[in-house]
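Predicted model and sequence follow; I will ask about them next.
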Amino acid sequence: MSMSLAAETPSRAITEPYRTRRTFAIISHPDAGKTTLTERLLAAAGAIQSAGAVRGKAGTRSTRSDWMEMEQQRGISITSSVMTFDYDGLTLNLLDTPGHSDFSEDTYRTLTAVDAAIMVIDAAKGIEAQTLKLFEVCRLRDIPIITFINKVDREGLSPLELIDEIQGKLALDLTPVLWPIGQGVDFHGYLDLLEKRVLSPQGKPIAEYNAIEDLLDNDALIEDPVFMTALETLEMATAMLPPFDLETFHAGHLSPVLFGSALKGIGVAELLRTLGEWGPEPRPQPAIPAPIEPADKKVTGFVFKVQANMDANHRDRIAFVRLCSGTFTRGMRLKNVRSGKDMAVSNPMFFFGNDRELAEQAVAGDIVGIPNHGTLSVGDTLTEGATINVTGIPNFAPEIIRRVRLTDHMKTKQMAKALSDLSEEGVTQVFRRVVGADWIVGVVGQLQLEVLSSRVAKEYGVPITFESLNYEVARWIESDDPKELERFIAAQKMNIAEDRTGSPVFLAQNAWWADRAKQDFPKIRFLTTKERH
Ligand code: GDP
């Protein structure tokens with residue numbers, strides 16, 4: 001029996017601070033255990049004092065999260081935030097992604113701001129719909145993924161079945177790091193293949209080895225049939241799986257896999273260690289005219305999320321900026337490339353769950369919150385003056401199109417403000433038809449509509465409802481021939497709207513009409529996504 005795992009650990013002789021950053025997200029299907037794992041990770045890193053309480057840098061305590069009412073009712077994560085914590089000389093930035101499929105747009109944008117992801121899979125369920133979707137988003141950018149197979153304390157699929165399923169459905173190579181000894185009531189501990197030891201179910205080391213066959217001399221272990229089965233399956237797994245290779249992992253083609261239980265705290269310390277030792281440093285950011293290297297001296301960053309009214313007491317709007325290069329210091333002037341305007345960033349913030357603190361200095365990989373009054377939108381690039389545009393942060397064509405109905409007409413102005421704020425946040429897209437004064441919203445999922453009406457009512461005091469429109473399809477329209485575009489707009493006047501930035505959008509009754517327009521106007525491009533700048 002042979003078992004080798006190249007324990008290549010990158011050297012910690014780090015000179016540039018950005019190289020200590022690990023910026024990541026957790027992706028999973030609802031109920032797989034993301035929330036539980038997040039709490040456990042924070043606890044294992046010492047950033048949390050007890051479940052439900054996060055400690056800020058200043059040592060203050062606050063409840064972990066003021067989940068929105070709706071989230072409590074539905075038991076899903078809608079809010080999205082950043083949790084920054086220290087671990088083993090590193091700074092970890094965990095970006096929370098909403099788990100519900102209706103929020104894939106928001107999640108997508110958050111995933112453009114991470115360098116790695118932890119994929120949580122329920123051992124009883126294997127790959128589920130939302131896992132697959134999120135994985136595909138990660139694959140678009142070749143984001144390295146660490147796989148955490150959760151709930152080994154319960155009966156589930158066997159490790160080999162799970163590996164087979166993941167490899168089959170995701171076409172992703174795996175390499176085991178933590179191997180379970182039994183599952184459910186028969187969970188007898190686990191093998192830590194990186195540290196070469198056997199651990200009890202409670203995580204206590206009970207045996208060490210150089211080569212795995214050394215363990216066959218351990219009478220206590222070999223008397224346990226569950227242990228022997230685990231060794232056999234591990235041998236089968238290692239025979240068919242590639243050994244760990246840091247470069248292949250960083251290229252997004254090989255995923256270290258750990259079996260554990262977030263609820264019981266099994267494998268969580270090892271997960272943190274895997275992320276710390278192997279997790280990638282900040283990666284180059286795709287941009288025009290050229291990718292931004294994290295080692296570049298000049299500061300660049302981009303807005304991947306805007307959240308209004310995070311704190312009911314301060315009607316504020318925070319733009320979450322992922323830094324891509326340079327050393328940002330408080331008070332620095334940065335240019336918003338989209339608007340061409342300069343701004344002095346005097347109150348940048350770091351987030352620790354719900355706590356925030358002034359960010360005096362930040363480097364590539366860090367997430368800085370910038371309070372603003374609507375000057376920053378999702379997709380905006382910030383630079384020290386250079387004209388650089390980060391790419392790959394799209395708007396998606398809405399699948400549900402509704403007219404907004406206001407019950408109290410005295411509140412038109414507040415409604416316009418609310419819709420405009422929330423569209424900048426990316427909660428909805430807002431369209432105005434060229435003809436008529438309707439406010440039209442477009443979303444990708446039904447739940448997004450509910451969040452929209454609840455937030456407009458709660459945060460702006462404006463009750464709204466939605467009305468069906470005779471449209472099912474929205475497409476941004478473009479052409480290299482401006483005359484042709486004009487001709488199309490004139491021909492379709494009633495069905496043309498403008499988005500928030502003034503770009504023309506064609507609204508069609510259904511796919512058939514959209515297709516027909518395409519055939520009639522071959523020089524027009526009908527786009528399902530639009531870059532946000
Ligand atoms: P999320 O929807 O992915 O955030 O999942 P949660 O963390 O809320 O967990 C969903 C459910 O699974 C909750 O009832 C958790 O207590 C339970 N759960 C999470 N991790 C484990 C685990 O390791 N073992 C068991 N048995 N249950 C777990």
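Perfect, I can see it now.

Please count neighbours and contacts with C-alpha atoms only from this point.
Fine.

and Tyr471, how many neighbours?
Neighbouring residues of Tyr471 were enumerated by other CA atoms under 10 Å; the total is 17.

show me the contacts for it.
Going by CA atoms under 8 Å, 6 or more residues apart in numbering, Tyr471 touches 401, 507-510.

Please read off the pLDDT at the residue of the chain most remote from its centre from the model.
Computed with CA atoms, centre = their mean, the residue of the chain farthest from its C-alpha average is Asp219, at 46.2 Å. Asp219 is assigned 92 on the pLDDT scale.

which non-adjacent residue is nearest Gly331?
Spatial nearest neighbour of Gly331, chain neighbours left out: Ser346 (4.3 Å); criterion: CA to CA, 6 or more residues apart in numbering.

Need the three-state assignment for that neighbour.
coil (DSSP: H, G, I helix; E, B strand; the rest coil).

Apart from its chain neighbours, what residue comes closest to Thr107?
Nearest non-adjacent residue to Thr107 (CA to CA, 6+ apart): Thr97, at 5.3 Å.

The one you found should be in a helix, yeah?
No: read with three-state DSSP, Thr97 is coil and lies in no helix.

wait, it sits on Thr110?
Yes: counting by CA atoms under 8 Å, Thr97 does reach Thr110; the two are 6.7 Å apart.

Return the residues in contact with Leu382.
Leu382 makes contacts with 299-302, 334-337, as judged by CA under 8 Å, 6+ apart.

Neighbour-wise, which one of these leads?
Ranked by neighbour count (other CA under 10 Å), these have Gly301 at the top, with 33 neighbours.

list the contacts for that residue?
With contact set as CA under 8 Å, 6+ apart, Gly301 has these partners: 321-325, 381-383.

Specify the local secondary structure of it.
Following three-state DSSP, the label given to Gly301 is strand.

if we look at the sheet, which residues does it bridge to?
Gly301 has these beta-bridge partners by DSSP bridges: Leu323, Leu382.

if we can go back for a sec, quick check, nearest of the contacts of Tyr471 to Phe244?
Closest approach to Phe244 among those (CA to CA): Ile401, at 47.3 Å.

which residues does that closest one form a beta bridge with?
Bridge pairing for Ile401 - DSSP bridges - gives Gly442.

what separates it from Thr233, distance-wise?
Using CA to CA, to the nearest Å, we find Ile401 at a distance of 52 Å from Thr233.

which of those two has more neighbours?
Shown here are Ile401 and Thr233; by other CA under 10 Å, Ile401 has more neighbours (26 against 18).

need the residues of this protein near the ligand, please.
Where the chain comes near the ligand, counting by CA under 6 Å from any ligand atom, the residues are 30-36, 76, 150-151, 153-154, 261-264.

which of those are buried?
Buried subset of the residues of the chain next to the ligand (neighbour count, 16 or more other CA atoms under 10 Å): 30, 32-36, 76, 150-151, 153-154, 261-264.

among those residues, which are in helices?
Among these, the members falling in helices (DSSP state H) are 34-36.

Okay, now the unreliable bits of the stretch 301-450 of the chain?
The model of the stretch 301-450 of the chain has pLDDT under 70 over residues 309-316, 353-354, 394.

And the helices in it, which stretches?
412-425, 446-460 (DSSP state H, counting those that start in this stretch).

Deepest-packed of the ones you listed, please.
Of all the helices of the stretch 301-450 of the chain, helix 412-425 has the most neighbours on average by mean count of other CA atoms under 10 Å, namely a mean of 18.

What lies in contact with that one?
Identification of contacts with helix 412-425 by CA under 8 Å, 6+ apart yields 305-308, 374, 377-378, 406, 428-430, 452, 456, 460, 462, 500.

What is the nearest of these to Pro291?
Of all those, Pro291 sits closest to Val378, with 18.9 Å by CA to CA.

Could you measure from the closest one over to the ligand?
Distance of Val378 to the ligand, computed by CA to the nearest ligand atom, to the nearest Å: 25 Å.

Next: Trp476.
Noted for Trp476: a distance of 34 Å to the ligand, by CA to the nearest ligand atom.

Pull the contacting residues for the closest residue to that residue other than its chain neighbours.
Distance criterion CA to CA, 6+ apart; nearest residue to Trp476, sequence neighbours excluded, is Val505 at 4.3 Å. With contacts defined as CA under 8 Å, 6+ apart, the neighbours of Val505 are 474-477, 496-499.

Can you check the pLDDT for Val505?
So, for Val505, pLDDT stands at 96.

partners of it in the sheet?
Taking DSSP bridges, one finds Trp476, Ala497 as the beta-bridge partners of Val505.
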